[in-house]
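1. Mind folding the following:
(4 chains)
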Number of protein chains: 2
Amino acid sequence: MDYSRLSASERRTAPPAIAVSAVAFALGAPEGAELGDSGDTGPAGGGAGAGATDAGEAAEGTPWLPLVRRTREPFAGVWALPGGPIPWDETLAESAERTLRATVGASPGYLEQLYAFGDVERSGRGQRLVTIAYWALYGENDLVAPADPPVEPENIAWFSADRLPELAFDHADIVEYALWRLRMKTEYAAVAHRFLGGTFTLAQLRRVHEAILGTEVDPANFRRQALAQGHLVDTGDVETGTRHRPAKLYRFRER
Amino acid sequence: MDYSRLSASERRTAPPAIAVSAVAFALGAPEGAELGDSGDTGPAGGGAGAGATDAGEAAEGTPWLPLVRRTREPFAGVWALPGGPIPWDETLAESAERTLRATVGASPGYLEQLYAFGDVERSGRGQRLVTIAYWALYGENDLVAPADPPVEPENIAWFSADRLPELAFDHADIVEYALWRLRMKTEYAAVAHRFLGGTFTLAQLRRVHEAILGTEVDPANFRRQALAQGHLVDTGDVETGTRHRPAKLYRFRER
DNA sequence: GTAATAGTGTCTATAAGACAATATATT
DNA sequence: AATATATTGTCTTATAGACACTATTAC
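-> Have a look, this model is predicted:
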């Protein structure tokens, strides 16, 4: 797989290499995760600029995503999307999911193919590289109690989609496309609930939409529209521990 | 590229092969093209069953697409989507377009990536095959006067999307997905005009929508909606040669 | 009671669909 | 004039958004 040793003519006849990359969104970084701030932050960096919010359920309000710092050329030391080559016995989706388990420590609640990127010279060398990009969503419950600890956690950090560092390859384009896709209404209407746990209030679901769209949404109209879809089921339970009228809890009806 | 000679263990370590396939839609078969009828038809077969309409601007009303009969195993003799491996110096889109030129004899008016298919064992053998599927539209003007004559025309035929033969690999799934995509309203609103020439009447554009959707559309309402989009420009010219009031000719405003 | 958010009602503006009516060409 | 389709007008219904109002809990 080390194509850098090949001669120019060998590179020309070698078949293109294939890899998957994954843009994994969550509404906040997981507990205890390393947080990136578009520059370089220490393991628990003090209050640097104006941007960084403190840890824990970090900075809701925008989508966050995990990145991996590359250890090899090209782009050694630069942040990149989780991903890698495709083993012979995995489907594309399986390969994306395994990569995410190794990076995040858990499987996403939703996974969907995004696009195949395959321009000539994408890698900056002669060897062709075709990247099948995937799009993943992590809900609250998907991020608790990592089954497998992340591999090399020191090279993994979560970033707000608002404040991304420089990215390797054309990964900035891929993230931009993933964000656009996330905001396409017809698409996210059926997946927004995956940012949450199994049950949720309409206010929680509304805040997911607000985070995705970056705008405020009228609670009354949102309620009507969300319920009219017929995808939400009233569980009969209500929220507890609030200092006001508790809200009904709903769950999503799969089909 | 002949992976069939490899041993099982060699196949397991070989990187997946990559190919492009293209689903190319037009509103009828081009002049003089071979027409398929889900079975096997001679060069200008007589009136067989109820289905086959006669040649020329064949059977409007549904989308048509070109298929290629495979000459090698696997699936020798079976119809398949145009496509093939990706040369080292082509982007994915370039590869799809070149394949279509070789099959149809002309470049499509529109080309867009559809999806990457990459299940294990897609080819029925050990070797992995990842297919990047493309989606193309040919307009009336795109099909006249083929610049390059099709390669091996005897193995190429056009089929109505209604009456497809058995297809190789998982190409039936790919066509089904392409048809679904074609019918998604938000997508086709901006591309339907590509089935037509540079100028067209609103009735022609409406018939494209009817063909895609498979339903009738109210002329009055369609007119209002189409004009309200702001994408149509009145050329000032009108249709001629009709036996009734001539319609205004419009063209599409790019951007 | 007060505060705070859950949840309902209502009004308006906009868009979609059904369908009648009018306009303008050919024959 | 008869015919056929283009083009316009109008009515109804569905939907989205703004926003006032009521309900229910914690404190």
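2. State whether residue A:240 and residue A:249 are indeed in contact, as I suppose.
-> No. Here residue A:240 does not reach residue A:249: they are 9.7 Å apart, not a contact under Cβ atoms under 8 Å. (Each C-beta comes from the backbone N, C-alpha and C, glycine too.)
3. Quick check on the two: which one has the bigger neighbour count.
-> The neighbour count for residue A:240 versus residue A:249, taken as other Cβ atoms under 10 Å in any protein chain shown, is higher for residue A:249 (20 against 7).
4. Give me the pLDDT value at residue A:34.
-> At residue A:34, the pLDDT value in this model is 83.
5. Also the one 10 residues further on?
-> The predicted structure scores residue A:44 at 38 on the pLDDT scale.
6. what's the answer for residue A:22, then?
-> In this model, residue A:22 is scored at 97, pLDDT.
7. Ok, residue A:241 next?
-> As summarised for this prediction, residue A:241 has a pLDDT of 86.
8. again with residue A:7
-> pLDDT, the model's per-residue confidence, is 55 for residue A:7.
9. Over to the one 4 residues further on?
-> Among the per-residue scores, residue A:11 shows a pLDDT of 50.
10. ditto for residue A:4
-> Each residue has a pLDDT score; the one for residue A:4 is 49.
11. Repeat that for residue A:151.
-> 66.
12. same question, residue A:180
-> Among the per-residue scores, residue A:180 holds a pLDDT of 82.
13. Distance across stretch A:73-89, terminal residue to terminal residue?
-> For stretch A:73-89, the separation between the terminal residues is 27 Å (Cα to Cα, to the nearest Å).
14. Buried residues of that stretch, list them for me.
-> Judged by neighbour count (16 or more other Cβ atoms under 10 Å in any protein chain shown), stretch A:73-89 contains these buried residues: A:75, A:79, A:81, A:82, A:83, A:84, A:86.
15. Report the spatially nearest residue to the last one, omitting neighbours in sequence.
-> In space, residue A:86 comes closest to residue A:95 once its chain neighbours are excluded; the distance is 4.7 Å by Cβ to Cβ, 6 or more residues apart in numbering or on different chains.
16. Secondary structure class of the one you found, three-state.
-> Applying DSSP: H, G, I helix; E, B strand; the rest coil to residue A:95 yields a three-state assignment of helix.
17. wait, what's in contact with it?
-> By Cβ atoms under 8 Å, 6 or more residues apart in numbering or on different chains, the residues touching residue A:95 are A:20, A:84, A:86, A:87.
18. now stretch A:156-165: how far from the chain's centre is it?
-> Computed by Cα atoms, centre = their mean, to the nearest Å, the chain-centroid distance of stretch A:156-165 equals 10 Å.
19. returning to that earlier point: mind putting the contacts of residue A:95 in JSON lines, distance to residue A:202 included?
-> As requested, the contacts of residue A:95 are arranged in JSON lines below (distance: Cβ to Cβ, whole Å):
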{"residue": "A:20", "distance to residue A:202": "35"}
{"residue": "A:84", "distance to residue A:202": "40"}
{"residue": "A:86", "distance to residue A:202": "40"}
{"residue": "A:87", "distance to residue A:202": "43"}
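20. can you give me the strands in the stretch 1-150 of chain A?
-> Assigned strands in the stretch 1-150 of chain A, in chain order: A:17-26, A:64-69, A:79-80, A:83-85, A:110-117, A:129-138 (criterion: DSSP state E, counting those that start in this stretch).
21. residue ranges with poor pLDDT in chain A?
-> Across chain A, the stretches falling below the confidence threshold (pLDDT under 70) are A:1-15, A:38-60, A:119-127, A:145-152, A:185-187, A:255.
22. Try it again at 50.
-> Judged against pLDDT under 50, the low-scoring parts of chain A cover residues A:1-4, A:40-59, A:122, A:124.
23. re earlier: just the closest of the contacts of residue A:95 to DNA strand D, please.
-> Taking Cβ to the nearest atom of the strand as the measure, DNA strand D sits nearest to residue A:20 out of these, at 35.1 Å.
24. what about that closest one, neighbour count?
-> The local packing of residue A:20 (other Cβ under 10 Å) involves 28 other residues.
25. Enumerate every residue touching it.
-> With Cβ under 8 Å, 6+ apart, residue A:20 has these contacts: A:83, A:84, A:86, A:92, A:95, A:96, A:99, A:131, A:132, A:133, A:134.
26. These: which ones sit near DNA strand C?
-> When the contacts of residue A:20 are filtered against DNA strand C using Cβ under 7 Å from any atom of the strand, no residues are retained.
27. burial count for the closest residue to residue A:26 other than its chain neighbours?
-> Spatial nearest neighbour of residue A:26, excluding adjacent residues (Cβ to Cβ, 6+ apart): residue A:138 at 4.0 Å. Other residues within reach of residue A:138 by the criterion other Cβ under 10 Å amount to 25.
28. Next: residue A:224.
-> Counted by other Cβ under 10 Å, the residues lying close to residue A:224 total 10.
29. Tell me if it really is in a strand.
-> No. Looking at residue A:224 with three-state DSSP, it is helix, so not inside a strand.
30. ok, so what distance separates it from DNA strand D?
-> Applying Cβ to the nearest atom of the strand, to the nearest Å, one obtains 7 Å for the distance of residue A:224 from DNA strand D.
31. Same question for residue A:203.
-> Between residue A:203 and DNA strand D the distance is 13 Å, computed by Cβ to the nearest atom of the strand.
32. Could you list the residues in contact with whatever helix or strand that residue lives in?
-> Residue A:203 belongs to helix A:202-213 when assigned by DSSP states H and E. The list of residues contacting helix A:202-213 from outside it, by Cβ under 8 Å, 6+ apart, reads A:27, A:60-63, A:182-183, A:188, A:192-193, A:195-196, A:216-217, A:219, A:222-223, A:226-227, A:232, A:247-248, A:250.
33. can we see that at 7 Å?
-> The list of residues contacting helix A:202-213 from outside it, by Cβ atoms under 7 Å, 6 or more residues apart in numbering or on different chains, reads A:27, A:60-63, A:182-183, A:188, A:192-193, A:195-196, A:216-217, A:219, A:222-223, A:226, A:247, A:250.
34. Pull out the buried positions in that helix.
-> Within helix A:202-213, the residues that qualify as buried by neighbour count (16+ other Cβ under 10 Å) are A:202, A:204, A:205, A:206, A:207, A:208, A:209, A:211, A:212.
35. what's the closest of these to residue B:169?
-> Distance from residue B:169 was checked for each of the buried residues of helix A:202-213 by Cβ to Cβ. The minimum falls on residue A:212, at 36.7 Å.
36. what's the spacing between that closest one and residue A:64?
-> Using Cβ to Cβ, to the nearest Å, residue A:212 is found at 12 Å from residue A:64.
37. Tell me which two in the buried residues of stretch A:73-89 are the farthest apart.
-> Counting by Cβ to Cβ, the most remote pair of those is A:79 and A:86, 21.8 Å apart.
38. Which members of the contacts of helix A:202-213 are classed as buried?
-> Using 16+ other Cβ under 10 Å as the burial test, those include A:27, A:62-63, A:182, A:188, A:192-193, A:195-196, A:217, A:222, A:226, A:250 as buried.
39. Which ones, among those residues, also lie beside chain B?
-> On the criterion Cβ under 7 Å from any Cβ of the partner chain, none of the entries of the buried ones among the contacts of helix A:202-213 sits beside chain B.
40. In CSV: the residues you listed, plus distance to residue B:114.
-> Formatted as CSV, the entries for those read as follows, by distance: Cβ to Cβ, whole Å:
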residue, distance to residue B:114
A:27, 30
A:62, 31
A:63, 26
A:182, 20
A:188, 21
A:192, 25
A:193, 27
A:195, 28
A:196, 31
A:217, 33
A:222, 33
A:226, 31
A:250, 35
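41. Just flag the most distant two among the residues you listed.
-> For the buried ones among the contacts of helix A:202-213, the maximum inter-member distance is 23.9 Å, found between A:62 and A:250 (Cβ to Cβ).
42. Thank you kindly, that will do.
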